[in-house]
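*Asks:* got a structure for you, letters missing:
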């Protein structure tokens, strides 16, 4: 390991250690607060889904590049692979969520896990065949088996190319397997969003909810990829002048497009429910548009759409590394606020009660993710040097 790699790995470990220690300390503060145990289930789900969305969205980005036979992204694809690689760790991080489902008396996260709540409720009794802890756990296991298998496949084949092992064949294999992955990805993410987020209020439903979660997860992953690329490029980890402003423009274009796509899906979900005006559908929005939560709703609109839209509106903004980094931070903050907006009103419909303890699980899991990234970079190259299209990607220009 040369001095540059060693210093980089130590920097990643330092950042990860800081986040993990801060996360544990804040989680402990949250436990000590009033109602800390019951709130922990919601705050942990918030932190888990934040990190999960980045990792799964990065895996989608990798598969999308293979599916479309993209050339421009080869020089930065390893960064996305680095973010997608820790999927097995995310699977382990899901175990506490399973415990919340089987210990309803202690955490009270999912109402449908409590027999006393289900009894006499015709809606929940009708959904019992689907919403029960055993089937919930089985579905989660199936989701993670799919995601982990494909993460290992795409990342593993890419790393094997670096060693000079059958580059063309591995490229063709990744392209062939990207199409079935997209189908499995769409189904698994949709049902995971139903299970882990929409079932927090099992009486409410939205057929566009899975697309809403998909748009947010992809946007968060693009922000994380962009932030990592800009940071590594500035420190020379991606070579000198190999990642050009044209590559950055393509990342910025993706960010801008998915910002607009998220806004379109979010407005469509709201507009259709508002227009139909059915009480069983509008109740969910009544809480989030009420006096207590309206501030979070407005902040969500600004962070998710307003700021990113205007920050990236011009062509030059998409080529500016500093502007892209700032926008990526805003987008990641928006993802955290979005998940807070989806999850926390089920704990207290009267309004948010923000505290530092609520950030504990998110910081801890983010630290674990950063630790995985540092470990990956200490063992593998930061660029897919074995990809047959790398030389063409290096010459990419708009």
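*Replies:* Great, that's in hand. All values derive from a computational prediction rather than experimental measurement.
*Asks:* from here on, just use CA atoms for contacts and neighbour counts.
*Replies:* OK.
*Asks:* how near is residue 291 to residue 301?
*Replies:* Noted for residue 291: a distance of 16 Å to residue 301, by CA to CA, to the nearest Å.
*Asks:* who has more neighbours, the two?
*Replies:* residue 301 (16 against 11; other CA atoms under 10 Å).
*Asks:* phi and psi next, for that one.
*Replies:* For residue 301, the backbone dihedrals (degrees, to the nearest 10) come out as phi -60, psi -40.
*Asks:* residue ranges with poor pLDDT in this structure?
*Replies:* 1-9, 34-36, 165-166 (pLDDT under 70).
*Asks:* please enumerate the strands of the stretch 251-398 of the chain.
*Replies:* In the stretch 251-398 of the chain, no strands are defined using DSSP state E, counting those that start in this stretch.
*Asks:* run the chain-centre distance for stretch 301-308.
*Replies:* Offset of stretch 301-308 from its chain centre (CA atoms, centre = their mean, to the nearest Å): 17 Å.
*Asks:* quick one: buried residues of that stretch?
*Replies:* 301, 303, 304, 305, 307, 308 (16 or more other CA atoms under 10 Å).
*Asks:* what does stretch 95-115 give?
*Replies:* Buried, per 16+ other CA under 10 Å, within stretch 95-115: 97-98, 100-104, 107-114.
*Asks:* restricted to helices, list these.
*Replies:* Applying DSSP state H to these, the entries found in helices are 97, 98, 100, 101, 102, 104, 107.
*Asks:* closest one of those to residue 122?
*Replies:* Nearest to residue 122 among those, counting by CA to CA, is residue 104 at 19.6 Å.
*Asks:* thought the closest one was touching residue 113?
*Replies:* Yes. Using CA atoms under 8 Å, residue 104 is in contact with residue 113, at 6.0 Å.
*Asks:* shared neighbours of those two, anything?
*Replies:* Counting by CA atoms under 8 Å, 6 or more residues apart in numbering, residue 104 and residue 113 have no contacts in common.
*Asks:* which among the ones in helices among the buried residues of stretch 95-115 gets closest to residue 38?
*Replies:* Closest to residue 38 out of those is residue 107 (4.6 Å), distances taken as CA to CA.
*Asks:* the most centrally placed residue in the chain: what's it in contact with?
*Replies:* Closest to where the C-alpha atoms of the chain average out (CA atoms, centre = their mean) is residue 53, at 1.5 Å. Contacts here follow CA under 8 Å, 6+ apart; on that basis residue 53 touches 216, 217, 218, 220, 221.
*Asks:* the residue in the chain sticking out farthest from the centre sits in which helix or strand?
*Replies:* Largest separation from the mean C-alpha position in the chain: residue 120, at 36.7 Å (CA atoms, centre = their mean). Using DSSP states H and E, residue 120 sits in no helix or strand.
*Asks:* distance of it relative to residue 126?
*Replies:* From residue 120 across to residue 126, the span is 11 Å (CA to CA).
*Asks:* secondary structure class for residue 207?
*Replies:* coil (DSSP: H, G, I helix; E, B strand; the rest coil).
*Asks:* ramachandran angles for it?
*Replies:* Per degrees, to the nearest 10, the backbone of residue 207 is at phi -70, psi -10.
*Asks:* ok, now residue 199?
*Replies:* Dihedral pair for residue 199: phi -80, psi 0, per degrees, to the nearest 10.
*Asks:* counting neighbours, what do you get for residue 397?
*Replies:* By the measure other CA under 10 Å, the count of residues near residue 397 is 11.
*Asks:* nearest residue to it other than its sequence neighbours?
*Replies:* residue 246 (5.7 Å; CA to CA, 6 or more residues apart in numbering).
*Asks:* near the one you found, how many other residues are there?
*Replies:* 16.
*Asks:* again, but for residue 134
*Replies:* Residues within reach of residue 134, counting by other CA under 10 Å, total 12.
*Asks:* which strands and helices sit next to the helix or strand it falls within?
*Replies:* Secondary structure from DSSP H and E places residue 134 in helix 133-162. Under the contact criterion of 3 or more CA pairs under 8 Å, 6 or more residues apart in numbering; DSSP states H and E, helix 133-162 touches helix 36-67, helix 74-84, helix 87-93, helix 95-102, helix 167-196.
*Asks:* out of those, deepest packed?
*Replies:* helix 74-84 (a mean of 26; mean count of other CA atoms under 10 Å).
*Asks:* who touches that helix?
*Replies:* Outside helix 74-84, the residues that touch it by CA under 8 Å, 6+ apart are 54-59, 61-62, 151, 154-155, 225, 228-229, 242-243, 373, 376-377, 382-384, 387, 389-390, 393-394.
*Asks:* repeat the analysis, applying 7 Å as the threshold.
*Replies:* With CA atoms under 7 Å, 6 or more residues apart in numbering as the contact definition, helix 74-84 has outside contacts at 55-56, 58-59, 62, 151, 155, 225, 229, 243, 373, 376, 382-384, 389-390, 393-394.
*Asks:* touching stretch 153-165 from outside, list them.
*Replies:* 81, 85, 167, 170, 174, 384, 385, 386, 387.
*Asks:* 6 Å - rerun?
*Replies:* 81, 167, 385, 386 (CA atoms under 6 Å, 6 or more residues apart in numbering).
*Asks:* check contacts around the second one.
*Replies:* Under the criterion of CA under 6 Å, 6+ apart, the contact partners of residue 167 comprise residue 161.
*Asks:* next: residue 28.
*Replies:* Contacts of residue 28 (CA under 6 Å, 6+ apart): none.
*Asks:* likewise residue 278?
*Replies:* With CA under 6 Å, 6+ apart, residue 278 has no contacts at all.
*Asks:* for residue 257, give its distance to residue 54.
*Replies:* Counting by CA to CA, the gap from residue 257 to residue 54 is 17 Å.
*Asks:* for residue 96, same thing?
*Replies:* According to CA to CA, residue 96 stands 19 Å off from residue 54.
*Asks:* residue 259 too?
*Replies:* Taken as CA to CA, the span from residue 259 to residue 54 is 15 Å.
*Asks:* buried stuff in whatever helix or strand residue 226 lives in?
*Replies:* Element membership of residue 226 [criterion: DSSP H and E] is helix 209-234. Using 16+ other CA under 10 Å as the test for burial, helix 209-234 gives 209-233.
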